[in-house]
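Predicted model and sequence follow; I will ask about them next.
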Amino acid sequence: MTVEKFTRRNQIIAERLSQLRLHGEQMHWDGIVHPVNPQFRDVLQAQERLLNALERLLDNLPALAAA
């Protein structure tokens, strides 16, 4: 996957999350989104794994550039 495709896919994910926020009233109470839906929890966990992987990659960039 190219960086451009990755970036585009992230934009699509952001758009879908916005749609979910607008139409996901079953996940709202007290104005807060609660991850009660197992599929939504899967999305949150996948996003957390992605962020952790990106942070590890960024942390290792100086070592990769030196090699």
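Sure, I can see it.

who touches the residue positioned nearest the centre of the chain in this structure?
By C-alpha atoms, centre = their mean, the chain has its centre lying nearest to Gln47, at 3.4 Å. By C-beta atoms under 8 Å, 6 or more residues apart in numbering, no residues touch Gln47. For glycine as for every other residue, the C-beta is placed from the backbone atoms N, C-alpha and C.

if I look at it, how far off is Asn37?
15 Å (C-beta to C-beta, to the nearest Å).

cool, and Met1?
27 Å.

Between those two, point out the one with more neighbours.
Comparing Met1 with Asn37 by other C-beta atoms under 10 Å, the one with more neighbours is Asn37, at 13 against 7.

pLDDT score for the more buried one?
At Asn37, the model reports a pLDDT of 71.

Let me see the backbone angles for it.
phi -80, psi 130 (degrees, to the nearest 10).

ok, now how distant is it from Arg16?
Distance from Asn37 to Arg16, by C-beta to C-beta: 14 Å.

With Asn60 instead?
For Asn60 relative to Arg16 (C-beta to C-beta), the value is 30 Å.

cool, and Arg41?
16 Å.

Glu4 now?
19 Å.

And the strands in the chain, which stretches?
28-29, 32-33 (DSSP state E).

Lowest average confidence across those strands, which one?
Minimum mean pLDDT among those: strand 28-29, a mean of 56.

where does the chain have low pLDDT?
23-35, 67 (pLDDT under 70).

give me that answer again for 80
Applying pLDDT under 80 to the chain flags the ranges 20-38, 40, 64-67.

pull the longest helix from it.
Scanning the chain for the helix with the most residues, using DSSP state H, yields helix 38-66.

buried sites along it?
Under the neighbour-count criterion of 16 or more other C-beta atoms under 10 Å, helix 38-66 has Phe40 buried.

Relative to Leu44, how far out is Val36?
For Val36 relative to Leu44 (C-beta to C-beta), the value is 12 Å.

related to what we said a few turns ago, so Glu4 and Arg16 - more neighbours on which side?
Remark: of Glu4 and Arg16, Arg16 carries more neighbours, 11 against 8, as counted by other C-beta under 10 Å.

give the contact list for the more buried one.
So, once contact is read as C-beta under 8 Å, 6+ apart, Arg16 ends up touching nothing.
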